[in-house]
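Undergrad: Fold the following and give me the result.
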Amino acid sequence: MEPKYQEVLALRYFEQKPVAEICQILNKKEGTVKSLISRGLDKIRTRIKLLEKTAT
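TA: Residues are numbered from 1 along each chain as shown. Take a look at the predicted model:
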């Protein structure tokens with residue numbers, strides 16, 4: 001996964017930062033941060049589905 005997605009997901013879910021704080025940390029707009037979080041989660045879901053298919 002690209003670092004830009006890793007960064008926002010780590011801040012949001014591992015460090016439990018609110019979106020507004022992530023915006024300040026990364027100097028990005030709220031819409032950008034929300035988009036990066038959403039796309040990053042989609043990439044994780046896609047990988048999980050692929051792993052599930054190959055495991056069966």
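
Undergrad: Show me the longest helix that occurs in the chain.
TA: When the chain is parsed with DSSP state H, its longest helix is helix 30-55.

Undergrad: tell me the average confidence for that helix?
TA: Mean pLDDT, helix 30-55: 96.

Undergrad: Just the buried residues of it, please?
TA: 33-34, 36-37, 39-40 (16 or more other CB atoms under 10 Å). C-beta: built from backbone N, CA, C; applies to glycine.

Undergrad: name the helices or strands packed onto that helix?
TA: Under the contact criterion of 3 or more CB pairs under 8 Å, 6 or more residues apart in numbering; DSSP states H and E, helix 30-55 touches helix 3-9, helix 19-26.

Undergrad: Now do that helix against helix 19-26, angle only.
TA: Orientation check (axes from the mean of the first three to the mean of the last three CA atoms, to 10 degrees): helix 30-55 against helix 19-26 gives 100 degrees.

Undergrad: for helix 30-55, the distance to its chain's centre please.
TA: 7 Å (CA atoms, centre = their mean, to the nearest Å).

Undergrad: cool, and stretch 2-22?
TA: On CA atoms, centre = their mean, the centre of stretch 2-22 falls 6 Å from the chain's centre.

Undergrad: Other residues contacting it?
TA: 25-26, 28, 30, 33-34, 36-37, 39-41, 43-44 (CB atoms under 8 Å, 6 or more residues apart in numbering).

Undergrad: and that stretch, what's its mean pLDDT?
TA: Averaging pLDDT residue by residue across stretch 2-22 gives 97.

Undergrad: Next, the buried residues of it.
TA: 5, 8-9, 11-12, 17, 22.
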